[in-house]
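> I'd like to go over a predicted model; first the sequence, then the structure.
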Amino acid sequence: MPIPLILPLCPGEGKGRVAWRREGHVLGKMGDVAADVDLVVPLKPPRAGKSRLRGGLGYPSGDGDHEALVLALAEDTLAAATASARVRRVLVVASDPAAVVALRALGVEIVAENGPRGLNAALRQGAQALRRDDPHAVIGALQADLPSLLSDDLDAAIAEADGRRAFTADRQGTGTTLLLSSAGGELEPRFGEGSASAHVASGAVALGVTAPSLRSDVDTADDLALARNLGLGPRTAAVVGELCLLS
């Protein structure tokens, strides 16, 4: 694992205020490598997403700083996903594509969500689009709030799944950060409260891979602090530092 750098959050602040930023965190695009998974990543408009995180950090509704933070979480997640040796395509299903058009620079594809039908409907839409292009592929659903994500952790989970329908639970063991279909099979997403149990009940295999960066999604200020300890991707680290968060 790369050695993290410790960067001050704000000029002139005390030694206790630090942000972890990973040295060599890849800002990559998908390259010409052996890849066997196509990912769907759902994304709400950054201005409207992560309401619990906004409340924990004290942002008013619609605040531009919150929008910048939510977009940074997605950017670091997608940068790690597109740099993965096991990922071939990343398709973002966005309810407001214009708000996230900058993500195309990471090598992802962006399509508009077919109406406000919820997270699982957006994932099914993306999975169907990918399945039309390759009936035999493994399709995955990845959450967009994994700012510490390492490509190696994502690769390890995909390798352990080995073509089975499987999922990675979050660090609490109740939610889901990654769901993989079997090769050529249906994704069958059951995201929402208690999704880990719902995915087990639907026949998905719970992966045992350690992969802490893949299990550390960010819904609250405490989650963001824990992700910082793992090592934030550069975009999230920059926003956290610029806004002097997590004092």
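Yep, that arrived. Residues are numbered from 1 along each chain as shown.
> for the spatially closest residue to P116 that is not a sequence neighbour, what are its contacts?
Nearest-residue entry for P116: S95, 6.5 Å, with adjacent residues in sequence omitted and distances by Cβ to Cβ, 6 or more residues apart in numbering. (Each C-beta comes from the backbone N, C-alpha and C, glycine too.) By Cβ atoms under 8 Å, 6 or more residues apart in numbering, the contact list for S95 reads L43, K44, P45, A112, E113, P116, A122.
> tell me how many other residues crowd A156.
Neighbours of A156 under the rule other Cβ atoms under 10 Å: 18.
> any residues touching the strand or helix carrying it, and which ones?
Assigned by DSSP states H and E, A156 belongs to helix 151-161. Residues outside helix 151-161 that contact it (Cβ under 8 Å, 6+ apart): 1, 26, 28, 36-37, 80-81, 83-87, 138, 140, 142, 166, 168, 178, 180, 205, 207-214.
> that one: which residues count as buried?
S151, D152, D153, L154, D155, A156, A157, I158, E160, A161 (16 or more other Cβ atoms under 10 Å).
> for L246, state which of these is nearest.
D153 (22.4 Å; Cβ to Cβ).
> what kind of secondary structure is the residue nearest the centre of the chain in?
Residue closest to the mean C-alpha point of the chain, counted by Cα atoms, centre = their mean, is A144 at 3.0 Å. Taking DSSP: H, G, I helix; E, B strand; the rest coil as the rule, one finds A144 in the coil state.
> what's near enough to touch it?
V41, P42, L43, L73, A74, T77, L78, V92.
> can you map out the helices along this protein?
Along the chain, counting by DSSP state H, helices occupy 51-57, 64-82, 119-133, 151-161, 195-201, 212-215, 221-230, 234-242.
> which elements pack onto the fifth one?
Using 3 or more Cβ pairs under 8 Å, 6 or more residues apart in numbering; DSSP states H and E as the contact criterion, the elements in contact with helix 195-201 are strand 166-169, strand 176-180, strand 205-206.
> to L57, which of those strands lies closest?
Evaluated over the helices and strands packed on helix 195-201, closeness to L57 peaks at strand 176-180, with 21.3 Å, by Cβ to Cβ.
> what are the buried residues along that closest one?
In strand 176-180, residues buried by neighbour count (16+ other Cβ under 10 Å) are T176, T177, L178, L179, L180.
> pLDDT weak spots in the protein?
Scanning the chain for pLDDT under 70 picks out 1-35, 59-63, 247.
> count the residues that sit near A227.
Neighbours of A227 (other Cβ under 10 Å): 28.
> ok, it to G58 distance?
18 Å (Cβ to Cβ, to the nearest Å).
> save the contacts of A144 as a markdown table, and put in distance to G194 and neighbour count too.
Output for the contacts of A144, formatted as a markdown table (distance: Cβ to Cβ, whole Å; neighbours: other Cβ atoms under 10 Å):
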| residue | distance to G194 | neighbour count |
| --- | --- | --- |
| V41 | 21 | 25 |
| P42 | 18 | 24 |
| L43 | 22 | 27 |
| L73 | 23 | 29 |
| A74 | 24 | 28 |
| T77 | 23 | 29 |
| L78 | 26 | 27 |
| V92 | 25 | 24 |
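> tell me the one of those residues nearest A129?
For the contacts of A144, the nearest to A129 is V92 (11.4 Å; Cβ to Cβ).
> which residues touch S195?
T174, G175, T176.
> surely the second one touches T168?
This points to G175. No. Between G175 and T168 there is no contact, the gap being 9.9 Å when judged by Cβ atoms under 8 Å.
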